[in-house]
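Q: give me a 3D structure for the following:
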Amino acid sequence: QAPIKATCEDLSCKTGFPEDVHSAVVSRSVHGGQPLLNVRFRSCDANQKIHFGSSEPEDFRVGEDGVVYAERSFQLSAEPTEFVVSAQDKETQQEWQMRVKLTPEPAFTGASEKDQRKIEEIIFPWQQYKHSSPLKRQKRDWVIPPINLPENSKGPFPQELVRIRSDRDKSLSLRYSVTGPGADQPPTGIFIINPISGQLSVTKPLDREQIASFHLRAHAVDVNGNQVENPIDIVINVIDMNDNRPEFLHQVWNGTVPEGSKPGTYVMTVTAIDADDPNAQNGMLRYRILSQAPSSPSPNMFTINNETGDIITVAAGLDREKVQQYTLIIQATDMEGNPTYGLSNTATAVIAVTDVNDNPPEFTAMTFYGEVPENRVDVIVANLTVTDKDQPHTPAWNAMYRMTGGDPTGRFTILTDPNSNDGLVTVVKPIDFETNRMFVLTVAAENQVPLAKGIQHPPQSTATVSITVIDVNESPYFVPNPKLVRQEEGLMAGSMLTTFTAQDPDRYMQQTSLRYSKLSDPANWLKIDPVNGQITTTAVLDRESIYVQNNMYNATFLASDNGIPPMSGTGTLQIYLLDINDNAPQVHPKEATTCETLQPNAINITAVDPDIDPNAGPFAFELPDTPASIKRNWTIVRISGDHAQLSLRIRFLEAGIYDVPIIITDSGNPHASSTSLLKVKVCQCDLNGDCTDVDRIVGAGLGTGAIIAILLCIIILLILVLMFVVWMKRRDKERQAKQLLIDPEDDVRDNILKYDEEGGGEEDQDYDLSQLQQPDTLEPDAIKPVGIRRLDERPIHAEPQYPVRSAAPHPGDIGDFINEGLKAADNDPTAPPYDSLLVFDYEGSGSTAGSLSSLNSSSSGGEQDYDYLNDWGPRFKKLADMYGGGDD
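A: Numbering: from 1, shown residues only. As a prediction, this is how the structure comes out:
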């Protein structure tokens with residue numbers, strides 16, 4: 001880089017190059033994009049737009065900032081290289097020129113770079129000072145050319161750049177400083193200045209990819225800090241070096257191209273980026289294809305635009321059926337692709353060859369065979385197989401089948417199996433062996449999409465399908481079916497009605513005649529001859545039967561053959577029954593109500609006849625001559641063909657129920673008549689004509705169903721009550737049985753009962769006999785409630801006739817009374833067979849004297865061994881001493 005010099009020797013500013021010839025020393029090897037020097041141009045107008053040019057544009061280029069770059073790489077000769085740099089005002093078209101002389105570096109002499117290089121000075125412009133005399137005119141400011149500093153410099157550091165000074169430093173002691181990002185603002189400390197000499201230096205290598213330029217401001221002040229010069233702006237541009245490799249946005253790029261594409265077909269675009277200056281050669285990338293795999297049918301099937309990265313085809317012959325995918329290795333190199341000085345990187349481009357319909361389906365055989373039983377539908381009779389080289393399960397591979405001949409009635413269709421791509425010939429309409437024994441179909445197969453243009457193959461493939469029809473035993477069928485027969489009702493049993501026969505469609509099978517049978521005959525009126533199909537009646541045909549609907553009676557018959565397997569068919573016989581006058585009319589309703597008085601007393605009645613016209617209405621109504629009271633009390637008037645009114649002839653008729661016979665005659669030929677009884681209930685009525693007496697309620701009565709329901713409820717209720725009574729009795733018996741079962745632990749025999757107080761033994765003879773003498777004096781609330789008994793008490797049974805002691809309180813009677821009671825107990829067959837409490841009449845169940853138990857026992861205590869009481873512990877020691885202590 002050439003040093004920058006900004007001086008002013010004249011008092012007036014002059015636009016142009018400061019020198020006519022500028023000499024610079026550069027390295028002998030020059031690389032493309034390398035900055036060489038900075039031309040100095042002085043512009044007195046800050047708004048002036050200057051454009052720089054070179055007389056050797058193929059070798060040198062001048063940037064807008066005045067930096068001269070090498071356009072290509074070359075070696076400088078030993079002689080100086082000269083060219084002209086021009087500057088042109090874009091508005092006025094004024095042009096200035098300066099000759100540049102480049103001299104290659106001399107051989108290394110050992111002198112330091114600092115000695116070889118003269119540090120240029122930047123001098124503050126002159127100012128006008130009012131306090132000095134004579135007045136000096138202020139120099140106009142000029143634009144200081146930027147300082148160009150290469151990135152990644154190896155030093156040594158600090159590296160001196162320029163010297164800032166003021167021409168007033170001769171008379172004053174000045175201090176210099178710089179401010180701005182890189183100096184006193186982050187990142188701080190990159191640029192420093194000697195405050196005394198004004199020497200501006202850089203302290204470390206710069207990185208253009210982080211900061212491309214620095215904008216500093218230089219200041220000059222005196223020792224008191226007073227500004228003596230206006231600040232000047234210094235721009236330091238970081239010159240880019242090729243220190244970054246190209247980087248692809250993706251390491252693997254995926255693209256597609258249809259098979260059969262013509263040369264020049266666009267495939268995909270790959271993109272790489274370079275962190276270096278894109279406007280310089282360091283960031284200018286070029287692309288190329290390093291390799292292609294596979295290399296068939298040509299090793300150069302694709303090419304790439306070296307500037308844009310667009311990949312296109314350059315050769316024909318892409319065939320997916322042969323090569324389905326290509327893999328390209330793409331290289332991106334900076335320095336405009338210079339293989340010597342440029343940095344490069346690689347990526348992979350995977351290009352899939354997509355399928356187009358360039359192969360039609362082809363049948364695997366010219367003729368296919370199949371067979372189908374007659375009268376079968378939805379049956380696959382043949383599988384048509386095809387081959388297609390296109391990609392499976394795509395529209396270019398999927399086959400569609402159609403029939404081009406041999407099926408005028410549309411009995412077949414061809415479906416496509418989505419998995420195997422086979423054609424399934426299917427029967428959709430029944431085929432009769434007796435009519436068609438064989439079909440020869442012509443079928444065609446083609447893809448879902450048409451063939452690609454330029455394909456020489458035919459668009460479809462054709463084949464023949466031969467289908468044989470198999471004869472099977474078919475069901476007989478009646479003709480006609482159904483068969484309609486018109487017949488008057490009343491046909492007697494045993495009469496021949498009609499003949500109903502069937503036909504067998506199997507003309508080529510050896511089998512006997514058909515057999516007939518009855519399948520459905522709801523009223524059981526008919527029978528059919530099993531050989532000739534003659535139908536005769538077995539009962540009288542009645543049109544009014546419940547099995548006849550709308551005068552029509554239906555019966556179904558079966559015809560069977562003896563084929564293998566046996567088959568049968570059904571036929572329906574419809575008998576339309578014509579009506580005859582075989583039913584007399586009847587009155588409806590059968591019961592009616594009227595009032596005792598003459599008004600109101602009309603009863604509306606209707607004649608009902610199961611027959612139809614002309615054997616039904618209009619009807620004639622009349623009352624019989626006998627008995628005479630009918631016509632004397634009643635009168636009947638016809639009001640329409642089916643209706644009449646019955647009313648009282650007399651003014652008053654006693655309340656009651658009357659049977660009124662009515663003769664009704666229909667209009668048939670001959671006429672049919674009947675006498676119907678109308679049960680009329682005559683009752684007292686209110687002003688509205690409603691019955692008010694009790695007879696109305698009685699007459700209404702209850703229906704049979706209601707009476708049966710009431711009886712059933714009563715019976716069920718009685719059964720429930722009976723079951724409850726039985727259950728209660730059974731429960732009482734179980735309770736009594738439980739009282740008789742005494743737990744062996746509670747049995748008083750041979751057991752010691754513990755009482756609250758034992759007593760004083762033999763010496764305790766002071767008994768209160770008043771409880772025995774006067775039991776009637778007990779308080780009522782002290783009486784023991786009935787049913788509460790000790791377990792050792794006697795169970796409840798019929799009491800024996802024990803002696804009753806008088807109420808006289810004489811002590812002498814007690815002994816006699818006890819002896820008599822003892823004798824009675826001994827003779828009592830109901831007494832319990834163990835020592836138990838005897839209940840006496842006068843003691844009662846609530847005696848406060850308590851239970852005396854047995855005062856004496858026939859057995860002697862000496863006969864028993866009471867030594868076991870000694871083993872019962874200290875609690876029974878006293879008892880053991882009493883019974884087991886010997887004679888004393």
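Q: what's in contact with the helix or strand harbouring Ser23?
A: Element membership of Ser23, judged by DSSP states H and E, is strand 21-26. Applying CB atoms under 8 Å, 6 or more residues apart in numbering, the external contacts of strand 21-26 come out as 2, 36-37, 39-40, 76, 80, 85, 98-106. Every residue, glycine included, has its C-beta placed from N, CA and C.
Q: give me the buried entries from those residues.
A: The neighbour count (16 or more other CB atoms under 10 Å) marks Ala2, Leu36, Leu37, Val39, Arg40, Leu76, Val85, Met98, Val100, Leu102, Thr103, Pro104 as buried among the contacts of strand 21-26.
Q: strands - which of these land there?
A: Secondary structure assignment by DSSP state E places Leu36, Leu37, Val85, Met98, Val100, Leu102, Thr103, Pro104 of the buried ones among the contacts of strand 21-26 in strands.
Q: pLDDT score assigned to the third one?
A: It stands for Val85. Reading off the confidence values, Val85 has pLDDT 91.
Q: OK, contacts around the residue most central in space within the chain?
A: The centroid of the chain falls nearest to Pro418 when counting by CA atoms, centre = their mean (27.6 Å). Applying CB under 8 Å, 6+ apart to Pro418 gives the contacts His393, Asn398.
Q: apply 6 Å and report the result again.
A: Pro418 makes contact with no residue under the criterion CB atoms under 6 Å, 6 or more residues apart in numbering.
Q: what do you get for Ile636?
A: Residues in contact with Ile636 (CB under 6 Å, 6+ apart) are Phe621, Leu623, Ala644, Leu646.
Q: before we move on, back to that, quick one: which of the ones in strands among the buried ones among the contacts of strand 21-26 is nearest Ile234?
A: Leu37 (18.4 Å; CB to CB).
Q: pairing partners for the strand holding Ser23, with directions?
A: Paired neighbours of strand 21-26 in the sheet (DSSP bridges): strand 95-104 (parallel).
Q: how far is the strand it pairs with from where the chain is centred?
A: Here the centre of strand 95-104 is set off from its chain's centre by 82 Å, with CA atoms, centre = their mean, to the nearest Å.
Q: ok, and what's touching it?
A: Identification of contacts with strand 95-104 by CB under 6 Å, 6+ apart yields 16-17, 21-26, 28, 76, 80-88.
Q: can we see that at 7 Å?
A: The contact list for strand 95-104 (CB atoms under 7 Å, 6 or more residues apart in numbering) reads 16-17, 19-26, 28, 36, 39, 76, 78, 80-88.
Q: and if you look at stretch 637-647?
A: Contact with stretch 637-647 is made by 601-607, 617-619, 621, 634-636, 660, 678, as judged by CB under 7 Å, 6+ apart.
Q: tally of neighbours for the closest residue in space to Ala280 that isn't next to it in sequence?
A: Leaving aside its sequence neighbours, Ala280 sits nearest to Gly33 (CB to CB, 6 or more residues apart in numbering; 4.8 Å). Burial measure for Gly33: 28 neighbouring residues, criterion other CB atoms under 10 Å.
Q: just the endpoints, please. Distance across stretch 556-570?
A: Distance between the two ends of stretch 556-570: 7 Å, counting by CA to CA, to the nearest Å.
Q: in it, what counts as buried?
A: Neighbour counts using 16+ other CB under 10 Å place Phe557, Leu558, Ala559, Ser560, Asp561, Gly563, Met567, Gly569, Thr570 of stretch 556-570 among the buried residues.
Q: tell me if the first one really is in a strand.
A: Meaning Phe557. Yes: counting by DSSP: H, G, I helix; E, B strand; the rest coil, Phe557 is located in a strand.
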